[in-house]
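Novice: The sequence and its predicted three-dimensional model are supplied below.
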Amino acid sequence: MKKLKARWGIDDNWQLFIILLVFAITGSSSAKIAGPLCQFLGITSETTHWSIYWTLRILLIFPIYQILLVSFGWIFGQFQFFWAFEKKMLSRLGLAKMFDT
């Protein structure tokens, strides 16, 4: 845990717990929300080939996850950490132009 705290620039075990909790809640929530959203959009495993269905579902989960991560980070008082985390992750995906100010 020391390496993780040093890498993320945090000192407090409580802050580390909150950050890990936010990651857990966000992952579960985004996967849960993607199911009804896929159904709403007419993307179901019965009407679509399974590989297309899962590809589209994963592509839907990604933006949901990004939004929820920052939102839950804000709710739990860790907005600055998660906003920096988002910018770093999206810049690695080549989407850094979104954050040029």
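Specialist: Yes, it's here.

Novice: which stretches of this protein have low pLDDT?
Specialist: Residues of the chain meeting the criterion pLDDT under 70: 96-101.

Novice: Could you grab the helix/strand/coil label for the residue most central in space within the chain?
Specialist: Taking Cα atoms, centre = their mean, the centroid of the chain lies closest to residue 65, which sits 3.1 Å from it. Using DSSP: H, G, I helix; E, B strand; the rest coil, the structure places residue 65 in helix.

Novice: I'd guessed residue 21 sits against residue 78; true?
Specialist: No: with contact defined as Cβ atoms under 8 Å, residue 21 and residue 78 do not form a contacting pair (9.6 Å). All C-beta atoms are positioned from the backbone trio N, CA, C, and that covers glycine.

Novice: For the biggest helix by length in the chain, which helices and strands make contact with it?
Specialist: If you go by DSSP state H, the chain has its longest helix at helix 13-40. Identification of packing neighbours for helix 13-40 by 3 or more Cβ pairs under 8 Å, 6 or more residues apart in numbering; DSSP states H and E yields helix 2-8, helix 50-75, helix 79-92.

Novice: Pull the number of nearby residues for the closest residue to the residue nearest to the centre of the chain other than its chain neighbours.
Specialist: Leaving out its chain neighbours, the residue that sits closest to residue 65 by Cβ to Cβ, 6 or more residues apart in numbering is residue 30, at 4.1 Å. Neighbour count of residue 30, defined by other Cβ atoms under 10 Å: 19.

Novice: quick one: residue 30 from residue 15, how far?
Specialist: 22 Å (Cβ to Cβ, to the nearest Å).

Novice: How about stretch 8-26, which residues are buried there?
Specialist: 10, 15, 18-19, 22-23, 26 (16 or more other Cβ atoms under 10 Å).

Novice: Now render these as JSON lines, adding distance to residue 59.
Specialist: Below are the buried residues of stretch 8-26 laid out as JSON lines (distance: Cβ to Cβ, whole Å):
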{"residue": "10", "distance to residue 59": "32"}
{"residue": "15", "distance to residue 59": "32"}
{"residue": "18", "distance to residue 59": "29"}
{"residue": "19", "distance to residue 59": "26"}
{"residue": "22", "distance to residue 59": "23"}
{"residue": "23", "distance to residue 59": "20"}
{"residue": "26", "distance to residue 59": "17"}
